[in-house]
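Participant: how would this look folded up:
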Amino acid sequence: MPRRLHNWTYRDVTDFLKENGFSFFEPLKGSHEAWIKLGKNGEPDRIAEVNFTSKGYKPRTLKTMIHQLGIGQNEWIKWARS
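Facilitator: Have a look, this model is predicted:
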């Protein structure tokens, strides 16, 4: 279970993204994936890269993803508590 920005797994991240309007877009090079959020007009609003890993993400890696996704860090922490 995630605790603030620690112990986030791939499944935690993808569950969070799905709840916030993102969906899997396409596989990228290696173990990376593109996740997309569409805007109101159906155009891509955000595209971010997520690395598939069987281990938990380091807080620094998670912060990079948070920046790319444009969802505030506090939203991630709040979701982790629920």
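Participant: and the residue nearest the centre of the chain, how far from Glu43?
Facilitator: With distances taken as Cα atoms, centre = their mean, the residue of the chain nearest its centroid is Val13 (4.6 Å). Val13 sits at a distance of 24 Å from Glu43 (criterion: Cβ to Cβ, to the nearest Å). For glycine as for every other residue, the C-beta is placed from the backbone atoms N, C-alpha and C.
Participant: name the SS class of the residue sitting furthest away from the middle of the chain, please.
Facilitator: Here the centre of the chain is the reference, and by Cα atoms, centre = their mean the most remote residue is Asn41, at 22.3 Å. With DSSP: H, G, I helix; E, B strand; the rest coil as the basis, Asn41 sits in coil.
Participant: what's the spacing between it and Gly56?
Facilitator: The spacing between Asn41 and Gly56, counted by Cβ to Cβ, is 36 Å.
Participant: can you give me the strands for this structure?
Facilitator: 22-27, 32-38, 44-51 (DSSP state E).
Participant: would you turn those into CSV with mean neighbour count?
Facilitator: Compiled in CSV, those are given as follows (neighbours: other Cβ atoms under 10 Å):
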stretch, mean neighbour count
strand 22-27, 14
strand 32-38, 16
strand 44-51, 16
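Participant: could you tell me the least trusted of those strands?
Facilitator: Among the strands of the chain, strand 44-51 carries the lowest mean pLDDT, at a mean of 89.
Participant: ok now that one, how far from the chain's centre?
Facilitator: 8 Å (Cα atoms, centre = their mean, to the nearest Å).
Participant: quick one: low-confidence ranges for this structure?
Facilitator: The chain contains no residues with pLDDT under 70.
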